[in-house]
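Visitor: What follows is a predicted structure for the sequence shown.
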Amino acid sequence: MEWKFTDDIPIYQQIMDIIKQQIASGELAVGEKLPSVREMALAAGVNPNTMQKALAELEREGLLYSKRTAGRFVAEQEEIKKGLQEELLMGYIETFLKNMAKLGYTVEEVVEIILKHEKGEEKDGQFN
């Protein structure tokens, strides 16, 4: 797991986002056991209480579950993974479209450029 944090969002929320991405991408498989809180905190370079807070919140959201003496696991519901993928996709799209609007592009123009790109109609970095 790669852990990189910024100052603009609480660290526990960033931990949650990283783990959500790992679940959505399949990097953390359905039913997979997570390392201990201490191991994860050490790897991430954060306080164990911060890691515990993030993992507890992910449990409340239904993405993880605990077995009393066995540890924490990724929830075994494929529909949760699919919903998480859609949630992440919508966030990426929203951020992307906001950035494109700042550059002066409309949604329609962005879609047109994406379609041209997919068809290989780009020449020297330009779409005609």
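Guide: That came through fine.

Visitor: Quick check: closest non-adjacent residue to the residue positioned nearest the centre of the chain.
Guide: In the chain, the C-alpha nearest the mean C-alpha coordinate belongs to Gln21, at 2.8 Å (C-alpha atoms, centre = their mean). Of all residues not flanking Gln21 in the chain, Leu88 sits nearest, at 6.4 Å (C-beta to C-beta, 6 or more residues apart in numbering). For glycine as for every other residue, the C-beta is placed from the backbone atoms N, C-alpha and C.

Visitor: got the contact list for the one you found?
Guide: The contact partners of Leu88, by C-beta atoms under 8 Å, 6 or more residues apart in numbering, come to 20-21, 24.

Visitor: From Ala43, how far off is it?
Guide: Relative to Ala43, Leu88 is positioned 22 Å away (C-beta to C-beta, to the nearest Å).

Visitor: mind listing the strands for this structure?
Guide: 64-67, 71-74, 122-123, 126-127 (DSSP state E).

Visitor: can you give me the mean pLDDT across the last one?
Guide: Per-residue pLDDT values across strand 126-127 average out to 64.

Visitor: how near is Gly26 to Lys82?
Guide: 12 Å.

Visitor: same question, Leu55
Guide: Distance of Leu55 to Lys82, given as C-beta to C-beta: 22 Å.

Visitor: Looking at these two, which is more packed in?
Guide: More crowded of Leu55 and Lys82, by other C-beta atoms under 10 Å: Leu55, with 22 against 11.

Visitor: What is the neighbour count of Val46?
Guide: Count around Val46 with other C-beta under 10 Å applied: 19.

Visitor: Numbering from 57 from now on, please.
Guide: Okay, residue one is now 57; in that scheme the one you just asked about reads as Val102.

Visitor: Need the pLDDT of it.
Guide: pLDDT, Val102: 97.

Visitor: I'd say Phe129 and Tyr121 touch.
Guide: Yes. Using C-beta atoms under 8 Å, Phe129 is in contact with Tyr121, at 5.8 Å.
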